[in-house]
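In: Here is a sequence with its predicted model. Questions after.
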Amino acid sequence: MIHIVDIQNACDAQILPSDDLFQLWVNSALNTITTQAFELTIRLVNSDESQHLNKQYRKKDKPTNVLSFPFEVPEGIELNLLGDLVICSSVVEQEASTQNKALFDHWAHMVIHGCLHLVGYDHINDTDANEMEALEIKILAKLSIANPYNI
């Protein structure tokens, strides 16, 4: 199934994945867990916007790699809008470098991680974290990307 992905580039990064890669990563994540077609937005931002949103919605005054904003469909309305991912390019780049990961492998992980959040997965407790991480590892392996938690 091909999901509709709207990419909004609001960052000044020089090296970003192609729209085709974003599409591949979204499809890989969502097709592993659902047969329903979805639509989502991926907004690529600089650290200032990431920090602002992280502070506003999570009360954490620092930029972060990915924020997920699931769309809450009003009762009685049929809509395939999944939500929005906000990914901070500079944080993703810095983490990839620090963790000695290939840049686009880390991008893939952040997109997949965010998509799983949009459909309800979380990592608040150890049980949920283990389930979510196992699913991420499985999806990434299908893309020939190594386990991101083996750092």
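Out: Done, it's in.

In: And the strands in this protein?
Out: Secondary structure of the chain (DSSP state E): strands located at 4-10, 39-45, 66-70, 81-88.

In: what about the helices in this protein?
Out: Under the criterion DSSP state H, the chain contains helices at 19-33, 47-58, 89-98, 103-118, 126-142.

In: closest to L81 out of those helices?
Out: helix 103-118 (10.2 Å; Cβ to Cβ). (C-beta placed from N, C-alpha, C; glycine too.)

In: How about the closest one, which residues are buried there?
Out: Buried residues in helix 103-118, counted by 16 or more other Cβ atoms under 10 Å: 104, 106-118.

In: likewise stretch 67-77?
Out: Neighbour-count burial for stretch 67-77, counted by 16+ other Cβ under 10 Å, picks out L67, S68, F69, F71.

In: what sits up against that stretch?
Out: Contact with stretch 67-77 is made by 50, 53-54, 57-58, 79, 81-87, 114, 117-120, as judged by Cβ atoms under 8 Å, 6 or more residues apart in numbering.

In: Give me the buried entries from the residues you listed.
Out: 50, 53-54, 82-87, 114, 117-119.

In: re the thing from before, just the buried residues of helix 103-118 now: which is nearest N31?
Out: Using Cβ to Cβ, these come closest to N31 at C115, 10.3 Å.

In: Could you check the pLDDT of the closest one?
Out: According to the prediction, C115 has pLDDT 98.

In: need the contact list for the residue nearest to A29 when sequence neighbours are not counted.
Out: Distance criterion Cβ to Cβ, 6 or more residues apart in numbering; nearest residue to A29, sequence neighbours excluded, is C115 at 3.9 Å. For C115, the contact set (Cβ under 8 Å, 6+ apart) comprises W25, V26, A29, L30, L40, L82, L85.
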